[in-house]
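K.L.:
build me a model:
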Amino acid sequence: MIHRLNNVEIFSPKPLGKCHLLVAAGKIVALSKEVIEIDQNLLASDIDFAGKRLVPGLIDGHAHITGGGGEAGFKTKVPAVELSQYTKAGVTSVIGLLGTDDVTRNTSSVIAQVYALREQGISAWCYTGGYHIPLTTLTDSVLKDMVHIEPIIGVGELAISDHRSSQPTLNEIARIAGDVHVAGIMTGKAGILHFHLGDGSRGLDLLEKIMDETEIPPRVLNPTHCNRNIPLFEQACELTKRGINIDVTAFPPNESDTEYSAAESYRRYTAGGFDKQKFTISSDGGGCLPHFNEQGELLHLDYGKCTLLSDCIKELLDEGHNLEDVIAPFTSNVAALLRLNNKGQIKVGHDADLVILDKDNTIESVMALGQWHQKNHKTVKYGCFEQT
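P.N.:
Sure, this is the predicted structure:
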């Protein structure tokens with residue numbers, strides 16, 4: 001299928017000005033300031049966007065693609081996220097993982113869901129392991145999982161500073177990080193250890209010790225939920241100076257004065273002058289978001305939604321932040337960290353993962369791998385069981 005996108009203002013994320021794009025076989029095959037001539041009979045779609053802004057498809061680096069939860073019994077297991085929930089948010093690539101429940105859900109089920117999402121038209125990869133040690137793997141080895149199973153790009157989300165974790169030791173984490181790093185070298189995959197951070201007072205102390213006492217490269221260590229409390233966020237920002245990439249979560253809105261929203265994290269991170277390329281934002285989509293008291297007793301539940309990514313983008317753009325800076329933590333920064341070489345930018349040869357923004361800074365249309373999933377604020381491609 002061939003598509004021509006005319007008169008789009010491209011942010012790749014860097015601004016390229018008004019251009020025309022030609023998409024074929026799921027790839028961007030031409031990008032020009034001039035109209036790209038082609039036989040009309042070959043075109044599946046030919047749209048003049050009249051100067052609307054075009055950005056890369058979002059990469060959600062942390063999503064519970066099989067569903068998460070279970071902290072209040074089996075009835076609280078969150079269902080798997082449906083296809084259109086990703087694309088409505090502009091997400092065209094997703095990284096799946098396990099959380100607290102790495103017993104009734106496992107690496108095999110995550111891999112199966114990766115393949116299901118791919119069959120439905122978006123890009124997907126996953127981590128092996130979960131919250132706990134010993135890790136939930138497919139082959140009983142992190143190295144083997146990463147070397148032999150194509151979709152597996154690292155380990156995650158391994159829980160630290162959380163009462164639900166295995167209370168891992170420095171040596172346990174260092175050994176896992178070493179295996180992840182070597183597997184990344186062998187395969188060219190991301191090779192990162194993606195950490196779930198809880199509210200524990202130790203924060204990122206274990207990661208600091210790994211950098212102090214081992215030879216593990218800082219880029220291997222990738223903490224998420226870094227905005228869940230203010231001291232944790234401040235510690236995480238400082239660690240970027242040592243080479244760590246940090247991830248914040250687009251949590252649902254709440255009245256808490258102890259945590260930062262993803263948008264507020266962006267404001268504070270950029271105002272602090274930290275390395276912009278070491279900051280990413282993910283959704284925790286499909287994941288359960290429990291709130292506990294000091295005794296570890298559940299107070300109430302919420303769950304992550306991919307649409308909070310596009311809500312965050314809109315909030316920042318409405319405030320007047322530069323589009324090229326706002327979009328990077330959702331696109332090019334994630335692609336660079338995860339070594340997704342054909343993602344995160346709009347350029348010839350890259351995958352045709354594209355998002356059109358309307359004048360109100362909301363998602364208007366979404367193309368994934370050269371197929372339209374959203375058009376004019378309407379879903380045109382659904383998942384297998386969404387309309388049954």
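K.L.:
give me the below-cutoff pLDDT ranges for the stretch 101-250 of the chain.
P.N.:
For the stretch 101-250 of the chain, not a single residue meets the criterion pLDDT under 70.
K.L.:
all helices for it, in order.
P.N.:
Counting by DSSP state H, counting those that start in this stretch, the stretch 101-250 of the chain has these helices, from start to end: 107-119, 142-148, 170-187, 205-213, 230-239.
K.L.:
distance from the chain centre to the longest one, please.
P.N.:
Between the mean C-alpha point of helix 170-187 and the mean C-alpha point of its chain there is a distance of 21 Å (C-alpha atoms, centre = their mean, to the nearest Å).
K.L.:
packing partners of it?
P.N.:
Using 3 or more C-beta pairs under 8 Å, 6 or more residues apart in numbering; DSSP states H and E as the contact criterion, the neighbours of helix 170-187 among helices and strands are helix 142-148, strand 152-160, strand 192-197, helix 205-213. Bear in mind the C-beta positions are built from the backbone N, C-alpha and C, glycine included.
K.L.:
extract the CA atoms of the shortest one and return them as PDB.
P.N.:
Listed in PDB are the C-alpha atoms of strand 192-197, where the atom choice follows Å, rounded to 0.1, in the frame of the first residue of the first chain:
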ATOM      1  CA  ILE A 192      19.100  -2.600  29.800                       C
ATOM      2  CA  LEU A 193      17.900  -3.500  33.300                       C
ATOM      3  CA  HIS A 194      14.600  -1.700  33.800                       C
ATOM      4  CA  PHE A 195      13.900  -1.000  37.500                       C
ATOM      5  CA  HIS A 196      10.600  -0.500  39.200                       C
ATOM      6  CA  LEU A 197      11.000   2.000  41.900                       C
END
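K.L.:
contacts for it?
P.N.:
The contact list for strand 192-197 (C-beta atoms under 8 Å, 6 or more residues apart in numbering) reads 62, 97, 99, 127, 131, 153-162, 165, 173, 176-177, 180, 184, 203-204, 207, 219-226, 228, 232, 247, 337-338.
K.L.:
turn the helices and strands packed on helix 170-187 into CSV, including mean neighbour count.
P.N.:
Rendered in CSV, the data for those read as follows (neighbours: other C-beta atoms under 10 Å):
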stretch, mean neighbour count
helix 142-148, 20
strand 152-160, 27
strand 192-197, 27
helix 205-213, 16
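K.L.:
now these as JSON lines including distance to Glu119?
P.N.:
JSON lines is the format used below for the helices and strands packed on helix 170-187 (distance: least, C-beta to C-beta, whole Å):
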{"stretch": "helix 142-148", "distance to Glu119": "21"}
{"stretch": "strand 152-160", "distance to Glu119": "18"}
{"stretch": "strand 192-197", "distance to Glu119": "25"}
{"stretch": "helix 205-213", "distance to Glu119": "37"}
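K.L.:
nearest to Asn106, out of the ones you listed?
P.N.:
Within the helices and strands packed on helix 170-187, the stretch nearest Asn106 is helix 142-148; the backing value is 11.8 Å (C-beta to C-beta).
K.L.:
give me every residue that touches Gly243.
P.N.:
Taking C-beta under 8 Å, 6+ apart, we find Gly243 in contact with Pro217, Pro218, Arg219, Lys278.
K.L.:
also His377?
P.N.:
Contacts were defined as C-beta under 8 Å, 6+ apart; by that measure His377 touches Asp358, Thr362, Ile363, Glu364.
K.L.:
let me know the closest of those residues to Ala44.
P.N.:
Within the set of the contacts of His377, Glu364 lies nearest Ala44; the separation is 18.7 Å, counting by C-beta to C-beta.
K.L.:
so the closest one touches Trp372, yeah?
P.N.:
No. Glu364 lies out of contact with Trp372 (C-beta atoms under 8 Å); the separation is 11.4 Å.
K.L.:
domain ranges for this protein?
P.N.:
Under automatic domain parsing, the residue ranges defining each domain of the chain are 2-55+343-379, 57-338.
K.L.:
highest mean neighbour count out of these?
P.N.:
Comparing the domains of the chain on average neighbours per residue, with mean count of other C-beta atoms under 10 Å, the densest one is domain 57-338 at a mean of 20.
K.L.:
what about that one, how long is it end to end?
P.N.:
Distances were taken as C-alpha to C-alpha, to the nearest Å; on that basis the terminal residues of domain 57-338 are 15 Å apart.
K.L.:
chain center to that domain, what's the gap?
P.N.:
On C-alpha atoms, centre = their mean, the centre of domain 57-338 falls 7 Å from the chain's centre.
K.L.:
which residues in the stretch 201-350 of the chain form strands?
P.N.:
Ranges of strands in the stretch 201-350 of the chain, per DSSP state E, counting those that start in this stretch, are 221-224, 246-249, 279-282, 288-292, 298-303.
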